[in-house]
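Participant: Let's see this in three dimensions:
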Amino acid sequence: MTLTNAPTLETDRLILRGPQVSDFDPLADFYASDQCIGFGEKMKRDDAWRWFALNIGHWHIHGYGYFSIVEKASGKPAGLSGIWNPEGWPEPELGYALFAEFEGKGIAYEASVRTRKWAYSDLGFTTLSSHIVPDNTRSMALAARLGAVYESSYVNPHMGEDQIFRHPAPEELA
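Facilitator: Numbering: from 1, shown residues only. Down below sits the predicted model:
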């Protein structure tokens, strides 16, 4: 049972769905590792639980949030992809993060393409950006692969300087 009203989206290899309690352990492991840098600060398990609950609340407030990415072949949670817009953000963001064992397989790209398509077609967004800390070169490379280009910087209230990469508009993707 998902904990939100999130839709379930699919690609050839992935299921994107609302968070479930069973997603918490892999998320807590992610937040306890150095791998989370660029997506947020390292967190103890109880702080990761608060972030997990925050994402559920974000879905209820905005009608969108981070999907849990599930790899169809293994049934395991592989990471997150979604639209994020908490207080302090200049606009809704297309965000993504993968758990270590799923990196380097094109999963973040596949999930982000599907998430962006949903945001444009179902939510009616006409623009999206990704906010990336300056030293996160892997995320910048993925943004470029998605067709996003650097636009400007701002001070993120939680992470300091963040760079905004603008995604192509819906009509540019057709």
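Participant: what about the longest helix along the chain, distance to the chain center?
Facilitator: As assigned by DSSP state H, the longest helix anywhere in the chain is helix 45-62. Here helix 45-62 is found 13 Å from its chain centre; the criterion is C-alpha atoms, centre = their mean, to the nearest Å.
Participant: Dump the C-alpha coordinates for it into CSV.
Facilitator: In CSV, the C-alpha atoms belonging to helix 45-62 read as follows (Å, rounded to 0.1, in the frame of the first residue of the first chain):
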residue,chain,number,x,y,z
ARG,A,45,18.2,7.2,10.7
ASP,A,46,15.7,9.3,12.7
ASP,A,47,16.3,12.3,10.5
ALA,A,48,15.9,10.2,7.3
TRP,A,49,12.5,9.1,8.8
ARG,A,50,11.6,12.8,9.0
TRP,A,51,12.6,13.3,5.4
PHE,A,52,10.6,10.2,4.4
ALA,A,53,7.5,11.6,6.1
LEU,A,54,8.2,15.1,4.6
ASN,A,55,8.0,13.6,1.1
ILE,A,56,4.6,11.9,2.0
GLY,A,57,3.3,15.3,3.2
HIS,A,58,4.7,17.0,0.1
TRP,A,59,2.5,14.7,-2.0
HIS,A,60,-0.6,15.6,0.0
ILE,A,61,0.1,19.3,-0.1
HIS,A,62,1.2,19.7,-3.8
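Participant: now what about it, what contacts it?
Facilitator: By C-beta atoms under 8 Å, 6 or more residues apart in numbering, the residues outside helix 45-62 that reach it are 3-6, 18-19, 23-24, 27-28, 31-32, 40, 43, 64-66, 83-86. Quick note: C-beta positions are derived from backbone N, CA and C, even for glycine.
Participant: which ones among those are found in helices?
Facilitator: 24, 27, 28, 31, 32.
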